[in-house]
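**Student:** next comes the sequence, and after it the predicted model I'd like to discuss.
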Amino acid sequence: MADYVIAIDQGTTSSRAIIFDKKGSIVSTGQKEHEQIFPKAGWVEHDPAEIWDNVREVIGQALSKGDLTRHDIAAVGITNQRETAVVWDKTTGKAVYNAIVWQDTRTQSIVDELAQGDVERYKSIVGLPLATYFSGTKIKWILDNVEGAREKAEAGDLLFGTTDCWVLWNLTGGTDGGVHATDVTNASRTLFMDLETLSWRDDILADFGVPKSMLPEIKSSSEVYGNVESSSLLREVPVSGILGDQQAATFGQAAFAAGESKNTYGTGNFLIFNTDTEIVHSKNGLLTTVGYKLGDQPTHYALEGSIAVTGSLIQWLRDNLGIISSAPEVEELAKSVEDNGGAYIVPAFSGLFAPYWRPDARGALVGLTRYVNKGHIARAALESTAFQTAEVIEAVNADSGVELTELKVDGGMTANDTLMQFQADILGVPVVRPVVAETTALGAAYAAGLAVGFWSGLEDLAANWQEDKRWEPNLDADERARQLRLWKKAVTKSMDWVDADVK
């Protein structure tokens with residue numbers, strides 16, 4: 001009997017393969033970064049061929065490091081950067097253009113055109129405002145701007161998918177019978193899926209000018225989609241779980257019930273609050289999304305607070321400014337000063353996401369005096385992540401009517417004690433990290449394993465969750481209020497920047 005499940009985590013900056021045992025513990029890992037392509041200001045792209053090559057390589061790395069073969073693997077799960085759009089030719093298997101990444105803002109004119117003055121035009125149906133963030137406008141841009149793409153699409157030769165779909169199609173055979181499917185969580189990030197019926201909306205597709213033939217079949221998050229093709233190291237292993245990265249992290253945190261939540265600290269930050277089988281429409285700038293669906297069981301929904309720039313701000317300090325030479329150095333630099341020196345960074349590189357949804361915003365560094373040094377800037381960068389999270393949780397509390405009593409956290413930035421302590425301080429509630437911080441890959445593994453009987457049910461998964469570390473708040477209420485007031489003032493300085501003359 002196979003003793004392990006492998007999860008493919010196709011993320012914004014890298015692709016990983018992680019093998020888990022029945023207790024949800026990591027056995028081995030493979031990881032490889034891919035190029036971040038910035039053709040113009042506001043444009044962010046990835047090479048789909050490079051991503052697929054890297055996925056194959058990291059599968060090999062994980063199997064090799066674990067001294068395992070396909071016979072040891074019960075199932076394959078996939079998790080992914082959600083809104084990133086790939087359009088490819090089903091006859092050649094090649095993308096017609098680079099993947100347009102979720103952070104990309106080039107489609108603002110398409111948003112404006114479709115909105116007709118109301119960005120919430122489709123929100124009651126799909127749970128999302130019209131924004132550059134989601135896949136739908138990216139597909140339209142490719143069809144409108146890549147020579148011959150629209151003709152090929154209308155002839156039925158082009159396929160669209162988020163990167164889970166791209167990996168699944170290639171993994172199950174590509175041009176030779178590859179499965180063209182996605183799960184409900186990824187489908188709910190396109191602007192095209194009806195949250196109630198879990199089906200594509202013909203009327204919205206017509207408004208966007210996107211042929212329905214391009215779209216993948218919508219499946220649950222946990223079922224056998226197909227088997228890995230014969231030339232792969234994982235040949236004949238069933239691919240049986242797909243969850244968008246933030247929903248996967250929530251599942252990996254065992255936040256299965258109404259009122260449970262998690263916050264992932266990655267390239268961006270994403271807080272998901274489980275609303276069970278109820279579709280809750282936010283009045284405070286949050287998104288309504290699908291949380292998970294296991295086979296033919298009822299669909300679980302969630303509210304989400306999406307923050308575009310958190311971990312990528314630290315990368316910016318490293319790669320663009322050269323203030324640090326590696327990401328972990330930011331904590332030591334931040335600890336060289338007692339506070340932020342009055343400086344605040346609002347990292348609105350892609351506009352502001354939740355709870356503001358202001359595409360006209362751009363990054364701002366405010367409160368500068370001659371006193372401020374690079375230590376203060378490093379600290380302000382970390383604090384901006386915590387401040388943005390605090391605003392999202394404020395919105396969740398208002399929408400749900402229930403005050404959050406503790407925050408479960410995961411993702412790479414949770415290794416930063418300074419950030420986690422400040423997060424607890426600025427929220428006024430404990431922050432809790434699990435033993436297995438790789439909850440995104442773990443959630444995909446769980447979904448895949450459930451479908452093939454590797455785990456018997458959610459109780460098995462909940463029993464695996466263990467607390468690793470807890471940070472208790474130690475900031476008094478007056479100081480917390482003062483800092484949040486100054487942060488909100490800083491946010492206003494980033495708004496109204498983009499106009500007709502700003503590129």
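**Tutor:** Structure received.
**Student:** buried sites along stretch 360-373?
**Tutor:** Ala361, Arg362, Gly363, Ala364, Leu365, Val366, Gly367, Val372 (16 or more other Cβ atoms under 10 Å). C-betas here are computed from N, CA, C, even on glycine.
**Student:** what is the mean pLDDT for that stretch?
**Tutor:** The average pLDDT for stretch 360-373 rounds to 94.
**Student:** what's the span of it from first residue to last?
**Tutor:** 29 Å (Cα to Cα, to the nearest Å).
**Student:** roughly how far is it from the heart of the chain?
**Tutor:** Centroid separation for stretch 360-373 versus its chain: 28 Å, with Cα atoms, centre = their mean, to the nearest Å.
**Student:** next: stretch 270-285.
**Tutor:** With Cα atoms, centre = their mean, you get 16 Å for stretch 270-285.
**Student:** after the longest helix along the chain, next one along is what?
**Tutor:** As assigned by DSSP state H, the longest helix anywhere in the chain is helix 374-400. The helix or strand immediately downstream of helix 374-400 is strand 407-410, counting by DSSP states H and E.
**Student:** show me the contact partners of that next one.
**Tutor:** Strand 407-410 is contacted from outside by 249, 252-253, 255, 260-265, 393, 420, 423-424, 427, 429-434, 437-440, using Cβ atoms under 8 Å, 6 or more residues apart in numbering.
**Student:** kindly report the same for stretch 208-220.
**Tutor:** Here stretch 208-220 makes contact (Cβ under 8 Å, 6+ apart) with 87, 114, 136-137, 139-140, 143-144, 150, 153-154, 156, 158-161, 165, 180-184, 187, 191-193, 198-200, 202, 205, 225, 242, 293-297.
**Student:** end-to-end on that stretch?
**Tutor:** 25 Å.
**Student:** same deal with stretch 39-52?
**Tutor:** Terminal-residue distance, stretch 39-52 (Cα to Cα): 21 Å.
**Student:** which positions within that stretch qualify as buried?
**Tutor:** Gly42, Val44, Glu45, His46, Pro48, Glu50, Ile51, Trp52.
**Student:** distance from the chain centre to that stretch, please.
**Tutor:** That offset, for stretch 39-52, works out to 16 Å (Cα atoms, centre = their mean).
**Student:** ok so, going back, which among the contacts of strand 407-410 count as buried?
**Tutor:** 249, 252-253, 255, 260-265, 393, 420, 423-424, 427, 429, 431-434, 437-440.
**Student:** filter those residues down to the ones in helices?
**Tutor:** Ala249, Gly252, Ile393, Met420, Gln423, Ala424, Leu427, Thr439, Thr440.
**Student:** nearest to Trp357 among these?
**Tutor:** Trp357 has its nearest neighbour among these in Ile393, at 16.9 Å by Cβ to Cβ.
**Student:** wait, that closest one touches Ala424, no?
**Tutor:** No - assessed by Cβ atoms under 8 Å, Ile393 is found out of contact with Ala424, at 11.9 Å.
**Student:** ok, back up a step: keep only those of the buried residues of stretch 39-52 that are in helices.
**Tutor:** Short answer: the buried residues of stretch 39-52 in helices (DSSP H) are Pro48, Glu50, Ile51, Trp52.
**Student:** a markdown table for these, including distance to Val76?
**Tutor:** Converted to a markdown table, these look like this (distance: Cβ to Cβ, whole Å):
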| residue | distance to Val76 |
| --- | --- |
| Pro48 | 19 |
| Glu50 | 21 |
| Ile51 | 16 |
| Trp52 | 15 |
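**Student:** would TSV of the residues you listed with distance to Gln10 and pLDDT be doable?
**Tutor:** Putting these into TSV (distance: Cβ to Cβ, whole Å; pLDDT from 0 to 100) gives the following:
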residue	distance to Gln10	pLDDT
Pro48	10	98
Glu50	11	98
Ile51	6	98
Trp52	9	97
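**Student:** what sits against Glu394?
**Tutor:** Asn284, Pro355.
**Student:** and the contacts of stretch 361-371?
**Tutor:** Outside stretch 361-371, the residues touching it (Cβ under 8 Å, 6+ apart) are 309, 340-349, 351-352, 377, 380, 486, 490, 493-498, 502.
**Student:** run the last query once more with 7 Å
**Tutor:** Under the criterion Cβ atoms under 7 Å, 6 or more residues apart in numbering, residues 341-349, 351-352, 490, 493-495, 497-498 lie in contact with stretch 361-371.
**Student:** over to stretch 184-193?
**Tutor:** By Cβ under 7 Å, 6+ apart, stretch 184-193 touches 80, 82-83, 122, 126-128, 134-136, 162, 164, 195, 198-201, 204-205, 218, 220-221, 242-244, 247, 289-290, 292-293, 299.
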